[in-house]
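Colleague: sharing a sequence plus its predicted fold:
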Amino acid sequence: MNTPTHLKYAASHEWSKTESDGTITVGITDHAQEALGDIVFIELPAIGRTLKAGEECAVVESVKAASDIYAPISGEVIAINQMVIDAPESVNSAPYDHWLFRIKPANPDELSALLDADGYAATL
Amino acid sequence: MPQRTPLYAAHVAAGARIVDFAGWEMPIHYGSQIEEHHAVRRNAGLFDVSHMCALDLIGPDATRFLRRLLANDVAKLTTAGRALYSCMLNAAGGVIDDLIVYFFTPTRYRIVVNAGTAEKDVTWMQTQLAGFDARITLRCNSKDESQTKNALAMLAVQGPQARELFYTAFPASRAATESLAPFHAREWPTDKGVWLIARTGYTGEDGFEISLPANAVAEVWQTLVDIGIKPCGLGARDTLRLEAGMNLYGQDMDETTSPLDTGLTWTVDLRDTNRDFIGKSALVTRRQEHQFVGLLLLERGILRAHQKVFSSQGEGEITSGTFSPTLNQSIAFARLPVGIILGSEVVVDIRDKRLKAKVVKPVFVRNGKSLLEFST
């Protein structure tokens, strides 16, 4: 299982990456994409929506099941990745390249509540 | 403790993702269920269906018993190896299980039932056997050692190239089975016991279902894989059967559902008015309460079981829904109020959204081709 060490993780299988401008890019982990199987549909939050940490904000559906995606931290949605909407299967092939949405954090301290790679791997 | 088929080790070695299905540890896919689905539509796929339960029914009253037990009429089976799909109903006309029965002689039949219902099916059949001179022998894989001595394993090879590839692997079987019409089977004696080779399946493609001694199946599986038939899991089996318009017990119907409400009226044979099968009197008074239809989602999203459907005739519910790899859109079966018109639009509740879907016949793909242009 691929779990890059430069990312932070939620136990609900989202990864978070801090960009140079302080925004947070969010995707789903390799473990999540493998557990889901062939991904065929992705629904993302509206740009401008304000999220609370832990709030359901997106849906990733494979052939066999729908899985809710939770906001890793609070903040405003400032971008979504149209490419994964058009080609959901890309998340299966490269889950850390194909992000879902980007958040401008309301409180960057919340990031410290997320797991590091070892901590996440221990939950699997 | 979940049960395993004789092919469990082969599945694990092939990289299968294993899930619990009706108490059995079965492969859901070996990497990509969509690729497996396409393999069956375009070439050939191989399924382990040994979790299903085979029963032998033998005795002077076998035919009389089945004409009482089943909603379809085995009397129309007159050539050896002829297969019949039927529901087994309770007294209220609800579906206890759907099954396939193979006729060999009027005193000998093979029955194949679903894995999840096998135990209650056998109990029900044994109860109904009182007063009939016939005997049921379990041929399933079971934890009970005393029953596994003559256990059968079951494989399905499905797809446009399935039969040809099977003959390449087992050339000697060609002469015995090449003339088989769909829904016919033949017993083929081998040095590894008798194989029942049936031109049946659960995918909407041509192919065989093969029952053979459990202790021979691992080698046969490997031979078929080596010849180029792709192992396929239960995930692809589900999308294939849904596209092909085939019901899944426990999802599209159960003991509370009449066959008339789940698109299986064609399997209820009322032609012999003197025949009194279990559930008949209930079906005659109960009438049809729902129309079983197909749905095509016209917007982005995935239809799933239990989503609510709103139509001009009232509310209904999706019984099975998925993404169709062949059509590249979401499809479903739904039970709607009687009177719904094919081609009309309905609305489906998906989470917080209401999305449009089109009502079509509940069969989407056959022999690799979309049927949508014909279903308005």
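Modeller: Structure's in. What do you need? Treat the numbers as computed from the prediction; the structure is a model and nothing was measured.
Colleague: do a quick rundown of the helices in chain A.
Modeller: Under the criterion DSSP state H, chain A carries helices at the ranges A:30-36, A:82-86, A:90-93, A:117-123.
Colleague: got the ones you listed as CSV, with mean pLDDT columns?
Modeller: Formatted as CSV, the helices of chain A follow (pLDDT from 0 to 100):
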stretch, mean pLDDT
helix A:30-36, 95
helix A:82-86, 97
helix A:90-93, 97
helix A:117-123, 96
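Colleague: how about JSON lines for these, with distance to residue B:283 and mean neighbour count added?
Modeller: Just so you know, the C-beta spots here come from the backbone N, C-alpha and C atoms, and that holds for glycine as well. Formatted as JSON lines, those follow (distance: least, C-beta to C-beta, whole Å; neighbours: other C-beta atoms under 10 Å in any protein chain shown):
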{"stretch": "helix A:30-36", "distance to residue B:283": "41", "mean neighbour count": "19"}
{"stretch": "helix A:82-86", "distance to residue B:283": "47", "mean neighbour count": "13"}
{"stretch": "helix A:90-93", "distance to residue B:283": "46", "mean neighbour count": "18"}
{"stretch": "helix A:117-123", "distance to residue B:283": "52", "mean neighbour count": "14"}
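Colleague: could the ones you listed be laid out in JSON lines, adding distance to residue B:179?
Modeller: What follows is those, written out as JSON lines (distance: least, C-beta to C-beta, whole Å):
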{"stretch": "helix A:30-36", "distance to residue B:179": "45"}
{"stretch": "helix A:82-86", "distance to residue B:179": "49"}
{"stretch": "helix A:90-93", "distance to residue B:179": "44"}
{"stretch": "helix A:117-123", "distance to residue B:179": "58"}
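Colleague: and residue B:39, which of those helices is closest to it?
Modeller: helix A:90-93 (17.6 Å; C-beta to C-beta).
Colleague: which strands or helices does that closest one pack on?
Modeller: strand A:39-43, helix A:82-86 (3 or more C-beta pairs under 8 Å, 6 or more residues apart in numbering or on different chains; DSSP states H and E).
Colleague: before we move on, what SS does the residue in the stretch 201-350 of chain B positioned nearest to chain A have?
Modeller: The nearest approach of the stretch 201-350 of chain B to chain A comes at residue B:323, 4.3 Å away (C-beta to the nearest C-beta). At residue B:323 the chain is in strand, as set by DSSP: H, G, I helix; E, B strand; the rest coil.
Colleague: count of residues packed around it?
Modeller: Residue B:323 has 26 neighbours, counted by other C-beta atoms under 10 Å in any protein chain shown.
Colleague: tell me who's in contact with the nearest residue to it once chain neighbours are set aside.
Modeller: Nearest residue to residue B:323 in three dimensions, chain neighbours excluded: residue A:40, at 4.3 Å (C-beta to C-beta, 6 or more residues apart in numbering or on different chains). The contact partners of residue A:40, by C-beta atoms under 8 Å, 6 or more residues apart in numbering or on different chains, come to A:61, A:62, A:63, A:88, A:89, B:34, B:302, B:323.
Colleague: which residue ends up closest to the midpoint of chain A in space?
Modeller: Computing the C-alpha centroid of chain A and ranking residues by C-alpha atoms, centre = their mean puts residue A:27 first, at 2.6 Å.
Colleague: you'd agree residue B:112 is up against residue B:100?
Modeller: Yes. Between residue B:112 and residue B:100 there is a contact under C-beta atoms under 8 Å: 4.8 Å.
Colleague: neighbour count winner among the two?
Modeller: Set residue B:112 next to residue B:100 and count neighbours by other C-beta under 10 Å: residue B:112 wins out with 24 against 20.
Colleague: and the helix or strand harbouring that one, what other elements does it pack with?
Modeller: Using DSSP states H and E, residue B:112 maps to strand B:108-113. Judged by 3+ C-beta pairs under 8 Å, 6+ apart, the packing partners of strand B:108-113 are strand B:53-58, helix B:62-69, strand B:95-105.
Colleague: now tabulate the ones you listed in CSV and tack on distance to residue A:73 and mean pLDDT.
Modeller: Below are those laid out as CSV (distance: least, C-beta to C-beta, whole Å; pLDDT from 0 to 100):
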stretch, distance to residue A:73, mean pLDDT
strand B:53-58, 51, 97
helix B:62-69, 61, 98
strand B:95-105, 50, 98
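Colleague: redo the ones you listed as CSV? Include distance to residue A:81.
Modeller: What follows is the helices and strands packed on strand B:108-113, written out as CSV (distance: least, C-beta to C-beta, whole Å):
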stretch, distance to residue A:81
strand B:53-58, 47
helix B:62-69, 57
strand B:95-105, 44
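Colleague: out of those, which gets nearest to residue A:103?
Modeller: strand B:95-105 (49.4 Å).
Colleague: so which of the helices and strands packed on helix A:90-93 comes closest to residue B:197?
Modeller: Here strand A:39-43 is closest among the helices and strands packed on helix A:90-93 (C-beta to C-beta), at 35.2 Å.
Colleague: ok, that closest one: who's next to it in the sheet?
Modeller: strand A:56-62 (antiparallel) (DSSP bridges).
Colleague: off-centre distance for the partner strand?
Modeller: Between the centre of strand A:56-62 and the centre of its chain there are 10 Å (C-alpha atoms, centre = their mean, to the nearest Å).
Colleague: what does stretch B:288-301 give?
Modeller: Distance, centroid of stretch B:288-301 to centroid of chain: 21 Å (C-alpha atoms, centre = their mean).
Colleague: may I have that stretch exported as PDB, CA atoms only?
Modeller: The C-alpha trace of stretch B:288-301 is given here as PDB (Å, rounded to 0.1, in the frame of the first residue of the first chain):
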ATOM      1  CA  GLN B 288     -50.100  -8.100 -10.000                       C
ATOM      2  CA  GLU B 289     -49.400  -5.200  -7.700                       C
ATOM      3  CA  HIS B 290     -46.300  -3.800  -9.300                       C
ATOM      4  CA  GLN B 291     -44.700  -3.500 -12.700                       C
ATOM      5  CA  PHE B 292     -41.100  -4.600 -12.900                       C
ATOM      6  CA  VAL B 293     -39.200  -2.200 -15.300                       C
ATOM      7  CA  GLY B 294     -35.700  -1.100 -16.300                       C
ATOM      8  CA  LEU B 295     -34.400   2.400 -15.600                       C
ATOM      9  CA  LEU B 296     -31.800   4.300 -17.500                       C
ATOM     10  CA  LEU B 297     -30.400   7.300 -15.600                       C
ATOM     11  CA  LEU B 298     -30.400  10.400 -17.900                       C
ATOM     12  CA  GLU B 299     -28.100  12.400 -15.700                       C
ATOM     13  CA  ARG B 300     -24.800  11.800 -13.900                       C
ATOM     14  CA  GLY B 301     -24.900   9.500 -10.900                       C
END
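Colleague: now that stretch: mean pLDDT?
Modeller: Stretch B:288-301 comes out with an average pLDDT of 96.
Colleague: do that stretch and chain A meet?
Modeller: Yes. Stretch B:288-301 reaches chain A (C-beta under 8 Å from any C-beta of the partner chain) through B:300, B:301.
Colleague: mind listing what's buried along that stretch?
Modeller: B:290, B:291, B:292, B:293, B:294, B:295, B:296, B:297, B:301 (16 or more other C-beta atoms under 10 Å in any protein chain shown).
Colleague: between the residues you listed, which is nearest residue B:19?
Modeller: residue B:301 (24.2 Å).
Colleague: check contacts around that closest one.
Modeller: Contacts of residue B:301 by C-beta under 8 Å, 6+ apart are A:41, A:43, A:61, B:330, B:350, B:353, B:355.
Colleague: same deal with residue B:77?
Modeller: Here residue B:77 is in contact with B:84, B:101, B:103 (criterion: C-beta under 8 Å, 6+ apart).
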